[in-house]
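> here are the coordinates; sequence isn't available:
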């Protein structure tokens, strides 16, 4: 069923979604925040050493993107950060608008999905929070067709009940002259 998540401040986002090009980082974070997607302050510099010593999943990180396909329209993709998406190409995609079933199926289509459910003795991920974020991002690009690209190249993923947090998101607004 098509789901429009609660708590979206579409009118507040309207003031930020205007000119073409990449939005300022603070504006991009604010737009996602108006759509109920938690955004962290900038990641502290030099705090990467401990995360690099562990596997990508142990750090609970994902990559979430939207791009505009000339035929299909907005396409959302999600994968676990690192080896899974970069080396193995394990990225799931869906065309907006997403339904609640689409969001669930999108995650389940990942080959690394068992890691999200706690396979191999690892901690399970907050799957409902990831699904909710997919639906909120779908609502954003459906509400604002000029949003041509969104890159969340680090989505911190918590354990069940802990939620997710976008780190340093980027949003590009299409230039109306070639859209």
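On my side now, so go ahead. Model, not experiment: these values are computed from the prediction.
> Name the helix or strand of this protein that has the lowest mean pLDDT.
helix 49-52 (a mean of 39; mean pLDDT, DSSP states H and E).
> so how far is the first residue of stretch 141-160 from its last?
Length of stretch 141-160, first residue to last, C-alpha to C-alpha, to the nearest Å: 27 Å.
> average model confidence for it?
Averaging pLDDT along stretch 141-160 gives 94.
> And the stretch of helix or strand residue 105 belongs to, what does it pack against?
According to DSSP states H and E, residue 105 maps onto helix 100-108. Packing partners of helix 100-108 (3 or more C-beta pairs under 8 Å, 6 or more residues apart in numbering; DSSP states H and E): strand 73-80, strand 92-95, helix 127-143. (Each C-beta comes from the backbone N, C-alpha and C, glycine too.)
> can you redo these as a markdown table with distance to residue 158?
Supplementary listing: the helices and strands packed on helix 100-108 in a markdown table, determined by distance: least, C-beta to C-beta, whole Å:
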| stretch | distance to residue 158 |
| --- | --- |
| strand 73-80 | 14 |
| strand 92-95 | 20 |
| helix 127-143 | 7 |
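> Ok, which of these comes nearest residue 26?
Proximity to residue 26, assessed across the helices and strands packed on helix 100-108 by C-beta to C-beta, is greatest for helix 127-143 (16.8 Å).
> And the helices in the protein, which stretches?
Along the chain, counting by DSSP state H, helices occupy 10-14, 25-34, 49-52, 83-86, 100-108, 113-116, 127-143.
> Just give me the lowest mean pLDDT stretch among those helices.
Among those, helix 49-52 has the lowest mean pLDDT, at a mean of 39.
> Skipping adjacent residues, who's closest to the most centrally placed residue in the chain in space?
When C-alpha atoms, centre = their mean is applied to the chain, the residue found nearest the centroid is residue 64 (3.4 Å). Using C-beta to C-beta, 6 or more residues apart in numbering and skipping residues adjacent in sequence, the residue nearest residue 64 is residue 152, 4.3 Å away.
> quick one, what contacts that neighbour?
Under the criterion of C-beta atoms under 8 Å, 6 or more residues apart in numbering, the neighbours of residue 152 are 32, 63-65, 166-167, 169-170.
> quick one: which two of the residues you listed are the most distant?
Top of the distance list for the contacts of residue 152 (C-beta to C-beta): 32 and 63, 14.8 Å.
> Dig out what residue 150 forms beta bridges with.
Beta-bridge partners for residue 150, by DSSP bridges, are residue 66, residue 171.
> should've said residue 93
Taking DSSP bridges as the rule, residue 93 bridges to residue 77.
> Return the per-residue confidence for it.
On pLDDT, residue 93 comes in at 96.
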